[in-house]
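Trainee: Structure for this input, please:
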Amino acid sequence: MRRGQGTKGAWPVATLATVILACGAGCSGGRMNVLMLVADDLRPEIGCFGASGAVTPRIDELAKQSLVLTRNYVQIAVCGPTRASVLTGRRPDTLHTVTHTTRTYWRERAGNFTTIPQLFKENGWYTLSFGKVFDLRTSSNASAGWICDAPYSWSEPPVFCGTTLWALDAKMGGGASHATLTPEQEGVMSDRQIVNAAIGRLNGSNPNHTALQTPWLVAVGVHRPHLPLIVPQFALDLHPPASVVLPPNRFGAPTNMPLAATECAGGGRTLPGHSSMELWQQYTYNSSVEDWDGWTGGINTSIPDPWAVTLKRYYQAAVSHTDLLFGEVLDAVRARGDFDNTIVVMFGDHGWHLAEMGMWCKCTNFEPATRAPLLIRVPGVTDAGVTSSALSEHVDLLPTLAEAAGMPVVPTCPRDSAGVKLCTDGVSLLPLARSPGAIVKKAAFSEWPHPFASQQPASIGYSIRTATARYTEWVYVEYSENGTHLPQWSHRCARELYNDTTESINVAEDPARAADVAYHAGLLRLGWRVAAGAAPWPTMPPLPPTTVALTCPVGNGPGPGPPPVPPTVTPGSSRRCSNATAQGNSSDTSCWCQPAVVPVGSNNRVWPDCQRICADDPLCRSWTFSSNSGCFRHSTAATHIHHTSGPDSKTTWSGCEHPQSCPT
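Mentor: Okay, here's the model as predicted:
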C-alpha cells in the first residue's frame, strides 16, 4: 500500500515519462542522477521491511519516499554470482556463473553483456564505484589490467574494489566471528573508508579529483553485515541481549529434507550437508573458543542459545552501522542539492540464515537465504512511499532503472542471448509504484549448484517461489560446447515442496500431494519467461517420465541421500533437545537429551538435569553423541567402536544411518 496516503489516493494524470523527466533545474538535460547503495549479506533485517528488532532509522526514512519490495528474491544466494546477476539483469545460467571460487567472468564465459552502470555510462552518465559493488572474483578484466568490470562499467577505476581492506577487517576481528571496535578502529575499518571516499567525491573535498560531472551514477558497496561482524560499541548498544529473539525453528533442518539442500562447499573441511560452512570453517566463535567447541555446522546440530543470541545481536548491530553509513552518503547527496533529482536504489546481495533451520550464512535455496531487501526511490513517482508484497527479483533492477531514467524499454532476452549485448531476464517493477497490489510476475526463480566450487556443477537445485509455495528440484546438468546449462529434467535426484512459511516439512514425496508436486514441477519447467506478467499460467501437458537417481552429487562425492524420517515416539517417552544437542552413554547404549548451557566464566557446554529418552523406544534403542556429527540412529544390532587416535576421537557405530537429532 502507499504510505502517507490512503489506498485510494489518486495517481497523477501525467504519464510516467512526464513525471520522470520533470525533475527540476538540478537535472542535466532532464536526466536524474542515480545512487546505488549495496550491502553484503544483508537480509531484510530492516524496520521498513517488517523486522521487529531492527534499528535502521535512515533506511526507514528513505523508504517513506520509495517503493519497498518485501517479497524480493535473488537468483543465487552467494556474493559473486548474485552481483553479476543483478548488475547484468540476467540469471546465473545465462551468465554461466554459479560460483566465485574459480575465474567466472561472464564476459569471457557467456557474452559481452551490458551492465547497469555500463548502460548509464554509454548514455551519458558519469559512473563511479566505491567498495564492493561487483565481486572482483566474477568481474575481473585481467586482460586489460582492470578489475570489477572496468573500464566497461565505470568512468574511473573503481575505488576499494579489492582485498586489501577486507584483510584489514579480518585482522580487526582477530579470526573471530564477531568483535567490538574502538572509535579509532571504526575510523579505519573498510566500510568507513569506502563511505568516506564516496562522500569526498560527492562533496568535492577530494583534492585529487575535479568536480563530479552530472548526470552521475555513484555506486557504494559496504562489506557489513558480512562476517566478521565487527561493529562499534554504539551500534551494539542499540541491541541489548534481552531484545534479541531467536527463531523457533532453530533446532533442526526441515523434515524429509534432502542433503543436497544445504551443502555449501568452499574448500578446506568440506562435508555434505554443511550450510553453515562459512561460519565454522573460516572463523572461531571468539578468541577463547577453539574450533567452535566441536560444532561443524552439520544438519540438525546447532550452537548454544547464548552464542546464537550474541551472533544475531552483532548482525543486527552491523545492519544498524550500515544504516548510519548509508545515511551519511544520502546527506552528502542532499548537501550537493541533488537529492530531489536523484534515483536511489538500496539492496542486499542476498539473504542470510540467522539460525533458522539450525543454519547460518547463505548457500541455500531456502527463504532466509534467497529473500533480500530491495528499495527503489524515483523522484516524482514514489514520493508518497509505496510498500508492495508482489513477487519481484534482483534481475528486475536493470529494466526498472532504465525505465525510471527515461531510457527505451530493455527487451526480454531470447533463449539464446549469448550474442545480445543489451537485454534482460527480468521485468520493470515501476508498475508496482502505481499499483502495489499488481502482479508483475507469478513466480521468482533461484538455484544452487553442486558442487559449488565447480564452474560446471554436476547437479543444480532449481527452485521456484510462487505466492503460496516453494518447489525445488535437484537435477543433473549437462553443458553444450559453449557452456550453456542444459538441465536434465528427466534425471532427478531429489525434490522439495514446502507450503508453510517456515519451510519446515518437505511434502514432495507425500502421495497425497502428488498433484500439487506435479503442478509445481510443471511451473518450474515453464520457467521465468512464462512466469512474467499477470496472465494465468497456461495449461500444462503431463510431465514426461523421470529417472530418479539414488543419490545427489554433493560435496566431493555422492551423498547418502535423504536423511531418514525420525521415528514415531510414544508421547512422554522423549522430548526434543532445546538446543538440538545430545550426549550419549556408551556403557548402556541409552541416550540423553536436554538443554545445553554455558556456565558463567566457561566456554564449555554442560548438560544439567539429564533425561533418558531412547530406552523405551523400540525404533531407536541406541543413540550416541559424536563430537562432529550429533546423534546417529542405528539398528538394535549395531555395535559400537571407540576410536582413540586422530583429531576426531569418538565413539561410532557400525551400520549407522545418517546423522539425526533426537526424535520428536
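Trainee: Next up, the contacts around Asp174.
Mentor: Careful, residue 174 is Gly and not Asp. Gly174 makes contacts with Ser287, as judged by C-beta atoms under 8 Å, 6 or more residues apart in numbering. Quick note: C-beta positions are derived from backbone N, CA and C, even for glycine.
Trainee: What's the separation between it and His353?
Mentor: 24 Å (C-beta to C-beta, to the nearest Å).
Trainee: so where is the stretch 551-664 of the chain shaky, pLDDT-wise?
Mentor: 551, 553-664 (pLDDT under 70).
Trainee: If I look at Asn196, what pLDDT would I see?
Mentor: At Asn196 the predicted local distance difference test score is 97.
Trainee: Any buried residues in the host helix or strand of Ala514, and which?
Mentor: Secondary structure from DSSP states H and E places Ala514 in helix 514-531. For helix 514-531, a neighbour-count test (16 or more other C-beta atoms under 10 Å) marks 516-517, 519-528, 530-531 as buried.
Trainee: what stretches of the stretch 351-500 of the chain score poorly on pLDDT?
Mentor: Using pLDDT under 70, the stretch 351-500 of the chain has no residue that qualifies.
Trainee: Would you map the strands across it?
Mentor: 353-354, 360-361, 374-377, 386-393, 444-450, 459-465, 470-479, 485-498 (DSSP state E, counting those that start in this stretch).
Trainee: Quick one: neighbours of the nearest residue to Ala438 once chain neighbours are set aside, just the number.
Mentor: Spatial nearest neighbour of Ala438, excluding adjacent residues (C-beta to C-beta, 6 or more residues apart in numbering): Pro431 at 5.5 Å. Per other C-beta atoms under 10 Å, the neighbour tally for Pro431 reads 18.
Trainee: So for stretch 60-68, what gets flagged as buried?
Mentor: Neighbour-count burial for stretch 60-68 [16+ other C-beta under 10 Å]: 60, 62-63, 65-68.
Trainee: Okay, and the closest residue in space to Glu156 that isn't next to it in sequence sits in which element?
Mentor: Excluding its sequence neighbours, the residue lying closest to Glu156 (C-beta to C-beta, 6+ apart) is Leu128, at 6.0 Å. Leu128 is located in strand 126-131, with elements delineated by DSSP H and E.
Trainee: now what about that strand, what contacts it?
Mentor: With C-beta under 8 Å, 6+ apart, strand 126-131 has contacts from 38, 117-118, 120-121, 148, 150, 153-156, 158-161, 190-191, 194-195, 197-198, 201, 212-223.
Trainee: now with 7 Å?
Mentor: Contact with strand 126-131 is made by 117, 120-121, 148, 153-156, 158-161, 194, 197-198, 201, 212-213, 216-222, as judged by C-beta atoms under 7 Å, 6 or more residues apart in numbering.
Trainee: how about the nearest residue to Asn286, chain neighbours excluded?
Mentor: Using C-beta to C-beta, 6+ apart, the nearest residue to Asn286 is Ala176, at 4.7 Å.
Trainee: Could you work out the most separated pair of the buried residues of stretch 60-68?
Mentor: Across those, the longest distance by C-beta to C-beta is 14.4 Å; it joins Asp60 and Leu67.
Trainee: quick one, the longest helix seen in the chain and strand 126-131 angle?
Mentor: Counting residues, the longest helix found in the chain (DSSP state H) is helix 305-335. Helix 305-335 and strand 126-131 are oriented at 150 degrees to each other (axes from the mean of the first three to the mean of the last three C-alpha atoms, to 10 degrees).
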